[in-house]
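Peer 1: predicted structure and sequence below. I'll ask about it afterward.
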Amino acid sequence: MKIRMSSPDLTETDRQAVEEVVNTPNLSMGPKIDAFEGAFCALTGAKYAIGVNSGTAGLHLCIRAANVNPGDIVITSPFSFVSSTNVILFEKGIPVFVDVDPVTGNIDTDLLTHAVEDLTMGGEHASRWLPSHLPEFNQGGEMSLRAILPVDVFGQPADYDPINALAEQYDLKIIEDSCEALGGEYKGRYAGTLGDYGVFAFYPNKQITTGEGGMIITDDDEAADFMRALRNQGRAPGDTWLQHTFLGYNYRLDEMSAALGLSQLGRLDSLLGKRARVADWYAKHLDNIEEVTPPQLVENTTKVSWFVYVIRVDEKIDRDNLAMILEEKGVPVRPYFAPIHTQPYMVKMFGYQQGDFPVTEDLGNRSLALPFSGRMSEEEVVTVCQQLAEALVIAKK
C-alpha cells in the first residue's frame, strides 16, 4: 500500500470539462472564467468574484486595492505560508506580526487589539511591535497602519468579530486569506466574506483544484474594477488591447483551469464531506496515542473546511526525528508551518530572532501534517496511525 501525502480528487467529468475547452478556440478570457466567477458569487453571496492564476496573485491584488504604499504597515500572522507576508513586501509595505492563538493557530485577537492601539499611537508604543530594524526602503520613512491580513489556518476561520470591530474603529482594510478555508464558516458566515476582500486558492492539495489558480471575492465596486484591471496587464474598462491605464500584471486564470474549477465547485459539498470523513477517521484512530494532539475546533467555527490534517506532538518528542522515522516507514509527513519570521530572508531584512513569537515557534516545532485527502480509505488512515504509534516509541528512545 503506497500512501501519498495528498491527491487531487478528479473525475471523468472534470477531465471532460477541460477537454471541451481544448477543443474550442477560447483558451483564455472566455466564457468559463465568467461562469466560474459567477458560481463563486452564487456560493458565497459576494457581489464580485475575480479569478486569478494563484492565491498569491489574489492576495497581491488585494494589497494593491487596499492602497498599501511603501512604508505602510499591514498586521498579519507569522504562522502561515510565506505568500501572505510576501505580498506585503511586493509593495514595500511593512508586515508587522502578531502571535497566534495556541489552539487554532489563527491570529490572537487580544494581542491584535494591543498592536492596533499601540501602532496607532506611534512612538515608543509602536516600537513594541515593529521589527528590530527596517529594510533600506523604509529607513527614516513615515509609517501608517493600513490593513489587517488574518489567515484562516488549516480551514478554520480566524475570530473576525473583534477584527472587524478594530477595522471599523481605526479605518483599516481587512484582507481575509481564506486560501485554506473554502467552505468553512465562522458563526454561520462564509469564510472569505468576513473582511473587505477574501481570497481562495486551488493548488492540487486544496479542497477544489484548478492545478494552479485563485479567486478573490468582494462587495467593493471600485476595488473589483481595479483588481480586474490589474490582473489583465492594467487594462481598465474601456481600454483597448494596447492601452493600459494602470501598472498591472498577467494574473489571468486560463479557460482550462476555470473549466476544471467550475466542474469541481459543482460537487464542493461532496468533496468537503469526503475530507471530513477522513478527518473523523483520524480523530478516532489517534484517540489512544497519548503523545499526539489532533486538531482542535473552537466554538466560533460552525463549519471547518478540512485542508490538511495537522497534529501536534508532545514537546518531549523530536518532531523532525519522528518525521524521518515515518518517511523511512513509507509514511510521508510534512512540518507545518515553518514560522515566517525565521525564514532566512526575513531574518536578514528585519532582524528577527528565535523567541520573538513563542506560540508560533512552538507550533512550528511541534506541528506535523499527516497524509490527507478525500481519496484516502480508512485502511490507509489506520496504517498511518499504526505507523505513527510505532515511530513514537522509537523516537522516545
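Peer 2: Perfect, thanks for sending it.
Peer 1: can you pull out the helices in the stretch 51-200 of the chain?
Peer 2: For the stretch 51-200 of the chain, the helices defined by DSSP state H, counting those that start in this stretch cover 55-65, 83-90, 109-121, 123-127, 160-170.
Peer 1: how about TSV for those helices, with mean pLDDT and mean neighbour count added?
Peer 2: Where C-beta positions appear, they are placed from N, C-alpha and C, glycine not excepted. TSV is the format used below for the helices of the stretch 51-200 of the chain (pLDDT from 0 to 100; neighbours: other C-beta atoms under 10 Å):
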stretch	mean pLDDT	mean neighbour count
helix 55-65	98	26
helix 83-90	98	22
helix 109-121	97	17
helix 123-127	92	12
helix 160-170	98	16
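Peer 1: Gln296 is nearest to which of those helices?
Peer 2: Closest of those to Gln296 is helix 109-121, at 16.8 Å (criterion: C-beta to C-beta).
Peer 1: so what does that closest one touch, helix or strand wise?
Peer 2: In terms of contacts (3 or more C-beta pairs under 8 Å, 6 or more residues apart in numbering; DSSP states H and E), helix 109-121 is packed against strand 73-76, helix 123-127, strand 145-149, helix 160-170.
Peer 1: and the angle from that helix to helix 160-170?
Peer 2: 10 degrees (axes from the mean of the first three to the mean of the last three C-alpha atoms, to 10 degrees).
Peer 1: can you redo the helices and strands packed on helix 109-121 as a markdown table with distance to Pro237?
Peer 2: Output for these, formatted as a markdown table (distance: least, C-beta to C-beta, whole Å):
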| stretch | distance to Pro237 |
| --- | --- |
| strand 73-76 | 28 |
| helix 123-127 | 40 |
| strand 145-149 | 25 |
| helix 160-170 | 28 |
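Peer 1: of those, which is nearest Thr13?
Peer 2: helix 160-170 (34.9 Å).
Peer 1: before we move on, the earlier item: tell me which of the helices and strands packed on helix 109-121 sits nearest to Asp34.
Peer 2: Set against Asp34 and scored by C-beta to C-beta, the helices and strands packed on helix 109-121 come closest in strand 145-149, at 28.3 Å.
Peer 1: ok, the residue lying closest to Val68 once chain neighbours are set aside to Gly213 distance?
Peer 2: Closest residue to Val68 apart from its sequence neighbours, by C-beta to C-beta, 6 or more residues apart in numbering: Gly93 at 4.5 Å. To Gly213, Gly93 is 25 Å away according to C-beta to C-beta, to the nearest Å.
Peer 1: what's the answer for Asn205, then?
Peer 2: Taken as C-beta to C-beta, the span from Asn205 to Gly213 is 13 Å.
Peer 1: please apply the same query to Lys2.
Peer 2: Per C-beta to C-beta, Lys2 is found 28 Å from Gly213.
Peer 1: list the contacts of the worst-scoring helix or strand of the chain on mean pLDDT.
Peer 2: Lowest on mean pLDDT, DSSP states H and E among the helices and strands of the chain sits helix 123-127, with a mean of 92. Around helix 123-127, the neighbours that count as contacts under C-beta atoms under 8 Å, 6 or more residues apart in numbering are Glu117, Asp118, Leu119, Met143.
Peer 1: coming back round to it: contacts only, for the residue nearest to Val68.
Peer 2: Neighbours of Gly93 in contact, by C-beta under 8 Å, 6+ apart: Ile63, Val68, Asn69, Pro70, Gly71, Asp72, Ile73, Val74, Arg146.
Peer 1: tell me which two of these sit farthest apart.
Peer 2: Ile63 and Gly71 (13.6 Å).
Peer 1: can you pull the phi/psi pair for the spatially most central residue of the chain?
Peer 2: In the chain, the centroid-proximal residue (C-alpha atoms, centre = their mean) is Cys179; its distance is 3.6 Å. Main-chain dihedrals, Cys179, degrees, to the nearest 10: phi -60, psi -20.
Peer 1: could you dump the helices of the stretch 51-200 of the chain to JSON lines with distance to Arg231?
Peer 2: As requested, these are exported to JSON lines (distance: least, C-beta to C-beta, whole Å):
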{"stretch": "helix 55-65", "distance to Arg231": "6"}
{"stretch": "helix 83-90", "distance to Arg231": "14"}
{"stretch": "helix 109-121", "distance to Arg231": "30"}
{"stretch": "helix 123-127", "distance to Arg231": "34"}
{"stretch": "helix 160-170", "distance to Arg231": "25"}
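Peer 1: ok, which of these comes nearest Leu43?
Peer 2: Closest approach to Leu43 among the helices of the stretch 51-200 of the chain is made by helix 55-65 (16.1 Å; C-beta to C-beta).
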